[in-house]
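Q: next one to model:
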Amino acid sequence: MSPDFVNIYVMPGLFMLLHIGILVGAVLGGVAYLTYAERKVMGAMQRRQGPMTVGPFGLLQPIADGIKLLSKETIVPTQSNKPVFIIAPMLLFMLALVSWVVIPVDAKLVLADINVGILYLFAISSMGVYGIIMAGWASNSKYAFLGAMRSASQMISYEVSMGLIIVNVLLVTGSLNLSEIVLAERPLWIQALLFPMFIVFLISILAETNRAPFDLPEGESEITGGFMVEYSSMSFALFFLGEYANMILMSAITTVLFLGGWLPPFGIESLAIVPGVIWFVLKTCGVLFVFLWARATLPRYRYDQLMRLGWKIFLPLTLIWVVLVSGILVYTESLPN
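A: Modelled structure (predicted):
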């Protein structure tokens with residue numbers, strides 16, 4: 001093997017594999033300890049301790065939970081469509097991982113810095129509903145199928161408003177590249193203009209990830225777990241991991257679009273001594289706290305309330321905001337310098 005071949009093909013390939021391994025490991029580690037953080041935060045809000053038994057302060061609880069799920073028997077219902085039943089959780093989990101290739105966690109730390117990063121995220125996120133529909137249909141259970149239908153309509157409803165919110169950000173930044181969106185200049189009046197869309201986006205990602213108070217596809221009180229009701233062992237764990245990986249992904253997207261990504265908060269240059277990755281992680285954790293806070297404090301919506309919020313409030317509001325932002329940008333560009 002010639003030195004040129006090694007330098008041109010082998011070394012970049014090894015570096016890429018290393019980068020992918022670190023990224024997947026970080027996401028899986030984040031998923032494991034997000035479950036621990038959720039139980040601790042909810043415990044504190046409800047005046048409980050949360051996990052305290054396994055390891056110091058319960059820090060080994062996620063590992064114990066993983067071993068428990070791995071050691072259980074995988075039960076496939078007799079009347080189910082077995083290939084689709086097994087593929088569905090794998091598909092959902094893989095889609096949650098492949099979205100990370102375009103997320104910039106620092107100025108040069110992104111796996112694929114493509115110019116259509118936003119379109120890539122749209123394409124991948126729109127496929128997530130297929131895994132849930134496949135699971136609900138293949139289980140051959142009325143409860144599972146009802147949960148899958150709920151999830152499909154819910155995700156489609158809120159993806160519309162999320163898309164229009166992202167259009168507002170693209171109008172302001174003028175780019176589909178996620179790194180350029182982070183680096184785009186945003187005066188105070190632009191940030192104030194986008195703030196209502198930031199709040200709507202936070203609520204929409206709760207619905208998009210089927211989290212409380214919008215966890216109707218899994219409603220334990222009425223459909224006993226929804227599309228996951230027939231799953232057990234590692235197949236259930238893949239759904240579980242996919243849901244929490246999507247939570248981290250949506251929080252990272254929120255950080256990139258609205259919170260300045262890896263840049264120090266409020267543009268304070270003295271804070272630039274802290275590595276950008278640290279700022280990115282802290283901002284993402286701040287958004288994740290909203291997920292945990294909402295679950296601990298808010299009751300579940302009725303299904304008609306969920307649909308009404310998406311179609312009668314968020315959709316008209318985001319459409320009006322696209323027109324408003326477009327008009328303001330055209331007006332400011334027409335002003336003399």
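
Q: what strand or helix carries the residue minimising distance to the centre of the chain?
A: Centroid-nearest residue in the chain, with CA atoms, centre = their mean: Met250, separated by 2.6 Å. For Met250, the host element (DSSP states H and E) is helix 233-258.

Q: give the buried residues for that helix.
A: 234-258 (16 or more other CB atoms under 10 Å). Where you see a C-beta, it was placed from the backbone N, CA and C, and this is true even at glycine.

Q: give me the buried positions along the helix or strand just after it.
A: Elements were assigned by DSSP H and E; along the chain past helix 233-258, the next helix or strand is helix 276-297. Neighbour-count burial for helix 276-297, counted by 16+ other CB under 10 Å, picks out 276, 279-281, 283-284, 287-288, 290-292, 294-295.

Q: circling back to that earlier point, elements contacting the helix holding Met250?
A: For helix 233-258, the packing partners by 3 or more CB pairs under 8 Å, 6 or more residues apart in numbering; DSSP states H and E come out as helix 11-45, helix 61-71, helix 82-98, helix 117-138, helix 142-173, helix 178-183, helix 188-208, helix 276-297.

Q: will you turn the ones you listed into JSON lines that also has mean pLDDT and distance to Val105?
A: Output for the helices and strands packed on helix 233-258, formatted as JSON lines (pLDDT from 0 to 100; distance: least, CB to CB, whole Å):
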{"stretch": "helix 11-45", "mean pLDDT": "86", "distance to Val105": "9"}
{"stretch": "helix 61-71", "mean pLDDT": "89", "distance to Val105": "22"}
{"stretch": "helix 82-98", "mean pLDDT": "89", "distance to Val105": "15"}
{"stretch": "helix 117-138", "mean pLDDT": "87", "distance to Val105": "13"}
{"stretch": "helix 142-173", "mean pLDDT": "88", "distance to Val105": "18"}
{"stretch": "helix 178-183", "mean pLDDT": "91", "distance to Val105": "10"}
{"stretch": "helix 188-208", "mean pLDDT": "92", "distance to Val105": "18"}
{"stretch": "helix 276-297", "mean pLDDT": "92", "distance to Val105": "5"}
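
Q: out of the ones you listed, which comes closest to Phe266?
A: For those, proximity to Phe266 was assessed by CB to CB; helix 188-208 is nearest, at 9.8 Å.

Q: residues of the closest one that come out buried?
A: Result for helix 188-208 [16+ other CB under 10 Å]: buried residues 190, 193-194, 197-198, 200-208.

Q: of these, closest to Leu324?
A: For those, the nearest to Leu324 is Leu193 (7.9 Å; CB to CB).

Q: dump the buried residues of helix 188-208 to CSV, plus distance to Asp113.
A: Listed next are the buried residues of helix 188-208 as CSV, based on distance: CB to CB, whole Å:
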residue, distance to Asp113
Ile190, 24
Leu193, 27
Leu194, 23
Met197, 25
Phe198, 24
Val200, 28
Phe201, 23
Leu202, 26
Ile203, 30
Ser204, 26
Ile205, 23
Leu206, 29
Ala207, 30
Glu208, 25
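
Q: determine which two of the residues you listed are furthest apart.
A: Applying CB to CB across the buried residues of helix 188-208, the maximum distance is between Ile190 and Ala207, 26.2 Å.

Q: looking at the helices and strands packed on helix 233-258, which is nearest to Leu109?
A: Using CB to CB, the helices and strands packed on helix 233-258 put helix 276-297 closest to Leu109, at 6.7 Å.

Q: following element in sequence after that closest one, please.
A: Next along from helix 276-297, by DSSP H and E: helix 303-308.

Q: and that next one, what does it pack against?
A: With contacts defined as 3+ CB pairs under 8 Å, 6+ apart, helix 303-308 has these neighbours: helix 142-173.

Q: can you pull the buried residues of the helix it packs on?
A: Those buried within helix 142-173 under the rule 16+ other CB under 10 Å are 143-155, 157-162, 164-173.
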